[in-house]
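Enquirer: Everything below, folded, please.
(chains A and B)
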Amino acid sequence: MKKSVILGVATVAGLAAGAAAAGTVDDVKARGKLNCGVTTGLVGFAAPDANGEWQGFDVSLCRAVAAAVLGDASAVEFVPTTGKTRFTALASGEIDMLARNTTWTFSRDVDLKFEFVGVNYYDGQGFMVPKALGVSSAKELDGATVCIQTGTTTELNLADFFRSNNISYEPVPIETNAEAQQQYLAGACDVYTTDASGLAATRATFENPGDHVLLPEIISKEPLGPLVRHGDHEWGDVVRWTLNALVSAEELGVTSANIDEMAAGTDNPEVNRLLGTEGTLGEMLGLDADWAMKAIKSGGNYGEVFAKNIGEETPIGLARGLNAQWTDGGLLYSPPFR
Amino acid sequence: MADQTTNPIAFVADGTIPPSPPPANQTGIIKWLRENLFSGVANTILTVLSILLIYVLLKNTLPWILNGVWNADSLAQCREILDGKTGACFAVLTERWHQLIYGFKYPDDAYWRPNLAFLLMLVAVAPVLFFDLPRKLLLFTAVYPFVAFWLIWGGTILVPIVALLGCVAAAVVFQKFGKNSFAAGFFGGIVVALVVWNVGGALIPDDANEGALLSAVPSRDLGGFMLNLMLGVTCVSLSLPLGIALALGRQSDMPLIKWVCVIFIEFIRGVPLITLLFVASVMLAYFFPPDSTVDLFLRVVIMITMFSAAYIAEVIRGGLAALPRGQYEAADSLGLDYPQAMRLIILPQALKISIPGIVNVAVGLFKDTTLVSVISMFDLVGMIRGPILASTEWNGVYWELLGFAALLFFVVCYGISQYSQWLERRLATDHH
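Expert: Prediction:
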């Protein structure tokens, strides 16, 4: 008897959860807040500042989505997730979207039943060496000792790279990024390898960052992007096109400085459609006509967000590289707003 | 006198010789050194090696500590001030002090609330820890949890009042019926408390939190060392009675109660705490609709309490087993019933034997509260590993932050251990 009651409650709860998850856009609107999963802290991507305000590259995307849906960039409840809790938090409905520098892979997309709505940062595995070593290309690293985190894809990528270039290396296994930093600075290894953005962030914390260089080779693909649950396509569209709006805005030259001017109407019909002065794109998404304008205003277009959080002016100092617009030789290519 | 002058003995001392000081190597510090540090070749070598080790340690750490920078806005600025010299960057502690203690989201104008709750906690635990104090103070201890809840979480005062009323009603029912039948009093109390809570909960208006005297703070906003202390204090004080009940239940003659207790204890002890925490934070979310989840803090408290209660139960079972059979028989022969025998004869002795074990579990539990950083709660360690080390200003400051965390935990754990030693001396009834 008791058991069946408990099972019944669990079933009802499950049904309620399923029903609630069917219309995330409406849920978010009813709640008045967007629950956005971020990392517990990664330099430049998401971290609370001294006043407790979340800042960072991934955080800006959460704010943009909140601005698009709710019209208020601060209506975000940031839910910090670890590498272990992030997927369950999304699957269970605790968060509406996950913007936690998560690599888009086949199994995560297909097997874990998530939907990656785009890529907001193209990362890849790189190398850092002391300048004194006098190396300018990873192919000159024959016989080097390499600090590498065990049990990661970086380990496998490294083995592949050295084998295909027919050179040898000696691995120094380490457990965490913090440990790697200490080992590398202590001279336990000649080279430190991990994601290029991580290398740049690590180098930024060194006492003399100028004494270390990042080698030009990037040996793996790590497309990082926001994701939502499978099955709720309306919500997936909202997040996808908010990201695209930020990218398109940069391509079309819409910045947070000139957006009000442009919203008055321009000669470029795509800008007009993006900013909602022409066409009914917002209505199709189930949002206000000026949804994209609000999203762009929340933190600027993609380029502004990049420059402010991780760009060359910041201590992290990442170059645009692959993350430049396609017109500048990068990979950012938003489908047209039409 | 005349006799003496004719005495052939040339000299007789007319007083005692003043005692001369012992030889230099038999006194004071030299004697102590000889006896304790240089009593043999092997000991001398060990002493010299130890001194060398201490010297090396101090030589490396002292300049680092003494040169420490206390005022800077970022690690880069710290390094600028140090200008190549060795020195710690303690500025991170001063700049992020509030975040380390209260977490990064607790409203700054409300810091006095947890502070006051902490001070009141000292008052509330005093009569429990030091039983020479007036017994009337226990009344305050009983009210304290509700006061502390209201201070820390804020919101409407009606919630803690309803909770308190429920407990009072349960106590009254238990007093009334518990004398005749323990079970009737116990379960009657639970039913009455549930009724009061449900009725009271329904009576509290939904918007009661708006315009409340103290602004409401959601559990997610708690953090820092405050969270560790809250988890530690709550879980220790809850798991002690639960552990006693489990230990007694395991010894019970009633098979149902006995097996429930055995299975509970064995299951919980066979599972790592981190697994329970993951269940609390992740799995339970699947069973509740998204909007009506049980508060994360409460879930974690339940899990940690269950975990430490199982351990405390086993410690107390050891204490019960150590009592001679005669004590149980003596209680029976005095005509005491089970609750009286336990309360007056068995438990006081068994608990006394169990003190070191209980303290061991309490200290371990307090340190285990840092595990909640893995389920993305921002306790002290979570704050350090997450937000502070991930900020562009302070990325790379490891020793200062983790050393500070170690220091805080050491102070508390050492205090608990000293208290338990005092308690053992105070309760010692055997005469050596």
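
Enquirer: Give the closest residue to residue 24 in space, chain neighbours not counted.
Expert: Defaulting to chain A. residue A:235 (3.7 Å; CB to CB, 6 or more residues apart in numbering or on different chains). Bear in mind the C-beta positions are built from the backbone N, C-alpha and C, glycine included.

Enquirer: let's do chain B instead
Expert: Per CB to CB, 6+ apart, closest to residue B:24 is residue B:30, 6.1 Å.

Enquirer: The residue nearest to residue A:24 reaches residue A:241, doesn't it?
Expert: No - using CB atoms under 8 Å, residue A:235 is not in contact with residue A:241, being 11.2 Å away.

Enquirer: where are the low-confidence patches of the stretch 1-150 of chain A?
Expert: Low-confidence segments of the stretch 1-150 of chain A (pLDDT under 70): A:1-22.

Enquirer: now the strands for it?
Expert: With strands called from DSSP state E, counting those that start in this stretch, the stretch 1-150 of chain A shows them at A:34-39, A:47-48, A:54-55, A:76-81, A:97-103, A:114-116, A:121-123, A:125-130, A:144-149.

Enquirer: neighbours of residue B:369, just the number please.
Expert: Residue B:369 is flanked by 26 other residues according to other CB atoms under 10 Å in any protein chain shown.

Enquirer: What distance do you get for the closest residue to residue B:147 other than its chain neighbours to residue B:126?
Expert: Among residues not flanking residue B:147 along the chain, residue B:120 sits closest, at 6.3 Å (CB to CB, 6+ apart). Noted for residue B:120: a distance of 11 Å to residue B:126, by CB to CB, to the nearest Å.

Enquirer: can you check residue B:239 too?
Expert: Separation of residue B:239 from residue B:126 (CB to CB): 21 Å.

Enquirer: Neighbour count: those two, which is higher?
Expert: Per other CB under 10 Å, whichever of residue B:239 and residue B:126 has more neighbours is residue B:239, with 26 against 14.

Enquirer: which residues touch the more buried one?
Expert: Going by CB atoms under 8 Å, 6 or more residues apart in numbering or on different chains, residue B:239 touches B:304, B:305, B:306, B:308, B:309, B:312, B:365.

Enquirer: where's it, which helix or strand?
Expert: Using DSSP states H and E, residue B:239 maps to helix B:224-250.

Enquirer: Past that helix, which element shows up next along the chain?
Expert: Per DSSP H and E, the helix or strand that comes after helix B:224-250 is helix B:255-269.

Enquirer: coming back round to it: what about dumping the CA coordinates of the host helix or strand of the residue nearest to residue B:24 to CSV?
Expert: Per DSSP H and E, residue B:30 falls inside helix B:28-36. The C-alpha coordinates for helix B:28-36 follow below in CSV (Å, rounded to 0.1, in the frame of the first residue of the first chain):
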residue,chain,number,x,y,z
GLY,B,28,67.3,24.4,35.0
ILE,B,29,67.3,24.4,31.3
ILE,B,30,70.5,22.6,30.9
LYS,B,31,69.3,19.6,32.8
TRP,B,32,66.1,19.7,30.8
LEU,B,33,68.0,19.8,27.6
ARG,B,34,70.3,17.0,28.6
GLU,B,35,67.5,14.8,29.7
ASN,B,36,65.1,15.5,27.0
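
Enquirer: quick one: contacts of it?
Expert: The set of residues external to helix B:28-36 that reach it, using CB under 8 Å, 6+ apart, is B:24, B:25.

Enquirer: in chain A, what residue is nearest chain B?
Expert: Using CB to the nearest CB, residue A:41 is the residue of chain A that sits closest to chain B, at 2.9 Å.

Enquirer: Quick one: residues contacting that residue.
Expert: Contacts for residue A:41 (CB under 8 Å, 6+ apart) come out as A:47, A:48, A:80, B:385, B:386, B:387, B:388, B:389, B:390, B:391.

Enquirer: got it, and residue B:320?
Expert: Residue B:320 makes contact with B:247, B:248, B:251, B:346, B:350, according to CB under 8 Å, 6+ apart.

Enquirer: The fourth one - how many residues pack around it?
Expert: Read that as residue B:346. Neighbours around residue B:346, by other CB under 10 Å: 20.

Enquirer: so how far is residue B:314 from it?
Expert: 17 Å.

Enquirer: How many neighbouring residues does the residue found closest to residue A:230 once you drop the neighbours it is linked to in the chain have?
Expert: Leaving aside its chain neighbours, residue A:230 sits nearest to residue A:113 (4.3 Å; criterion: CB to CB, 6+ apart). By the criterion of other CB under 10 Å, residue A:113 has 13 neighbours.

Enquirer: Any regions of the stretch 201-350 of chain B where pLDDT drops low?
Expert: Filtered on pLDDT under 70, the stretch 201-350 of chain B yields the residue ranges B:285, B:289-293.

Enquirer: could you redo the last one with a cut-off of 80?
Expert: Scanning the stretch 201-350 of chain B for pLDDT under 80 picks out B:206-212, B:281-294.

Enquirer: And for the stretch 151-300 of chain A?
Expert: For the stretch 151-300 of chain A, the stretches with pLDDT under 80 are A:151-154, A:175-179, A:182, A:201, A:204-205, A:207.

Enquirer: what ranges do the strands span in it?
Expert: Using DSSP E, counting those that start in this stretch, the strands of the stretch 151-300 of chain A run over A:169-174, A:191-195, A:212-214, A:222-229.
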